[in-house]
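1. mind looking at a prediction? Sequence and model below.
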Amino acid sequence: MTSRPTSEQRLRDLALLRRVRDRIDREYTEPLNVEALAHGVHMSAGHLSREFKAAYGESVYSYLMTRRIERAMSLLRMGEMSVTEVCFAVGSSSLGTFSTRFTELVGMPPSVYKEKAADATEGIPACVSKQISRPIRNREAPGTAKK
């Protein structure tokens, strides 16, 4: 006999996963980790990690970093803050990790993005700019694959 979750339990788990995702969306600038997020929905960290990846196709950490990079892209487009200031403003505690992840998702380092992006979206409505400049999730940006 297998211990498959019932459809009722699956729906409860999905509701809890949505709460975790919503918390990440709201509190991305805070120092979040899987253990704290799991504790908030009364799950083990391992169970949360497995279920989140199954439901959303990426790890909790990857989702959090993508949210931070999206916000960083917006701040860099405004051009009023340095890359270091943006890094810490979006909740990253390491400039190196932030720059590496930014480059993986966007295809260029944040400093280059800041230089190029300021003019690239000028005159485009914010709602359209946000959609076309969104980072790539679940795969590396084109042209950054290592050979």
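-> That came in fine, so what should we check first? Numbers count the residues shown, from 1 in each chain.
2. which residues does the helix or strand containing R10 contact?
-> Using DSSP states H and E, R10 sits within helix 7-27. Contacts to helix 7-27, defined as Cβ atoms under 8 Å, 6 or more residues apart in numbering, come from residues 5, 32, 37-38, 40-43, 48, 51-52, 55-56, 60, 63-64, 67. C-beta coordinates here come from the backbone N, C-alpha and C atoms, glycine included.
3. now the buried members of the residues you listed.
-> Among these, those scoring as buried are 32, 37-38, 41, 43, 48, 51-52, 56, 60, 63-64, 67 (criterion: 16 or more other Cβ atoms under 10 Å).
4. and F88, what element?
-> Using DSSP H and E, F88 falls in helix 83-89.
5. tell me the contacts of Y28?
-> L64, R67, R68, R71, V90, G91.
6. read off the pLDDT value for the residue nearest to it when sequence neighbours are not counted.
-> Spatially, and ignoring its direct neighbours in sequence, Y28 is nearest to R67 (4.3 Å; Cβ to Cβ, 6 or more residues apart in numbering). For R67, the model assigns a pLDDT of 93.
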